[in-house]
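Asker: based on what follows, work out the 3D shape:
(chains A and B)
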Amino acid sequence: GNSVTQMEGPVTLSEEAFLTINCTYTATGYPSLFWYVQYPGEGLQLLLKATKADDKGSNKGFEATYRKETTSFHLEKGSVQVSDSAVYFCAQSYSSASKIIFGSGTRLSIRP
Amino acid sequence: EPEVTQTPSHQVTQMGQEVILRCVPISNHLYFYWYRQILGQKVEFLVSFYNNEISEKSEIFDDQFSVERPDGSNFTLKIRSTKLEDSAMYFCASTKGQSTYNEQFFGPGTRLTVL
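Answerer: Coordinates of the predicted model:
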C-alpha cells in the first residue's frame, strides 16, 4: 500500500546551518506530496506541497522537489533559525479530499 | 482567517467511559476528517465524512468509534467505551473540495487521556 518513509530524528543543528530531511514514498500512481510542521503544543500546519513530478514547493525558506524517478520529496532549508524547531511530517494524498498518509515525523532542534 | 476549532483541548476519562470530541470545521468546507497521533508516533487517518456519510475509514475506526454532523457546524467523534490505547491527540480537519488547489486544514487537537 501507499506509505511515506522519512529520516529518523531527532536532528539537532546550530543556527544558520543547512537542513535536509529525507523523505521517500511508495504509491500507486502520482499522489500530491506535502510537508507539514507541528510546533510545540500546536496542531499541524501545511508547510509546502507539490502536486506533480518536478514541481518544487516552497515556503518560509523551505523547499522540496517532487522527484518521481527517486520517489523522493526531501525537505531543505539553507539557513535554519531557532524558530524552526518543530516536528516535520512528510505526507502524501491523492487529492485534497483523500486521506493524508503521514510519515513518522522528524523532530528538529536548532541551537542558538 | 477561518480556522478549524476543537473542544475540549484536553479530556481525561476513565477506561470504559464514553467520550465525545467536538470540532467546528471551516464554514464552507464539505469534507471532514479525524486523525489521531499517539504520543511520539505518526499521525494516522481514522475516518473521512462527506455528504452526511462516512466516505472512508481505517482499520482503527472500529465499532467503538462513530462520527456525526449533528447540525450545520459541528462534527463529532464518539468513542463508546474508551480503552487505554485510545490515549492520543485527536485532530479534526476539513477541506472545501477535491481540487489539488485545496488543502486540508487541521484543528489544534484534543488530547485524550484514558486512565
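Asker: report the beta-bridge partner residues of the closest residue to B:S9 other than its chain neighbours.
Answerer: Excluding its sequence neighbours, the residue lying closest to B:S9 (CB to CB, 6 or more residues apart in numbering or on different chains) is B:T110, at 6.3 Å. Glycine gets a C-beta too; all of them are placed from N, C-alpha and C. As for beta bridges, B:T110 partners with B:Y90 under DSSP bridges.
Asker: what does the model give B:T110 for pLDDT?
Answerer: On pLDDT, B:T110 comes in at 96.
Asker: for it, give its distance to chain A.
Answerer: 10 Å (CB to the nearest CB, to the nearest Å).
Asker: check which helix or strand the spatially most central residue of chain A maps to.
Answerer: In chain A, the residue lying closest to the centroid (CA atoms, centre = their mean) is A:W35, at 3.3 Å. For A:W35, the host element (DSSP states H and E) is strand A:32-38.
Asker: show me what that strand is packed up against.
Answerer: strand A:23-26, strand A:44-50, strand A:56-59, strand A:62-65, strand A:86-93 (3 or more CB pairs under 8 Å, 6 or more residues apart in numbering or on different chains; DSSP states H and E).
Asker: which residues are contacting that strand?
Answerer: For strand A:32-38, contacts defined as CB atoms under 8 Å, 6 or more residues apart in numbering or on different chains pick out A:23, A:25, A:44-52, A:57, A:62, A:64, A:66, A:73, A:75, A:86-96, A:100, A:102, A:105, B:100.
Asker: bridged to the residue nearest the centre of chain B, which residues?
Answerer: Nearest to the geometric centre of chain B sits B:W34, at 3.0 Å (CA atoms, centre = their mean). Under DSSP bridges, the beta-bridge partners of B:W34 are B:V47, B:C92.
Asker: wait, doesn't it sit right on B:T76?
Answerer: No: the criterion here is CB atoms under 8 Å, and B:W34 misses it with B:T76 at 9.4 Å.
Asker: got any residues that touch both of those two?
Answerer: Common contact partners of B:W34 and B:T76 (CB under 8 Å, 6+ apart): B:L21, B:C23, B:V67.
Asker: wait, what's in contact with the first one?
Answerer: The one in question is B:L21. Counting by CB under 8 Å, 6+ apart, B:L21 makes contact with B:Q6, B:Q11, B:W34, B:T76, B:L77, B:K78, B:I79, B:Y90, B:C92, B:T110, B:L112.
Asker: for it, report the pLDDT, please.
Answerer: So B:L21 comes in at 98 (pLDDT).
Asker: in chain B, which helix or strand is least confident?
Answerer: Using mean pLDDT, DSSP states H and E, strand B:105-106 stands out as the lowest-scoring helix or strand of chain B, at a mean of 92.
Asker: run the chain-centre distance for it.
Answerer: Here the centre of strand B:105-106 is set off from its chain's centre by 11 Å, with CA atoms, centre = their mean, to the nearest Å.
Asker: neighbouring strands of it in the sheet, and parallel or not?
Answerer: Strand B:105-106 has these partner strands in its sheet, going by DSSP bridges: strand B:88-95 (antiparallel).
Asker: hey, what's the residue nearest to A:I21 when sequence neighbours are not counted bridged with?
Answerer: The shortest distance from A:I21 to any non-neighbouring residue, by CB to CB, 6+ apart, is to A:L75 (4.4 Å). Taking DSSP bridges as the rule, A:L75 bridges to A:I21, A:A64.
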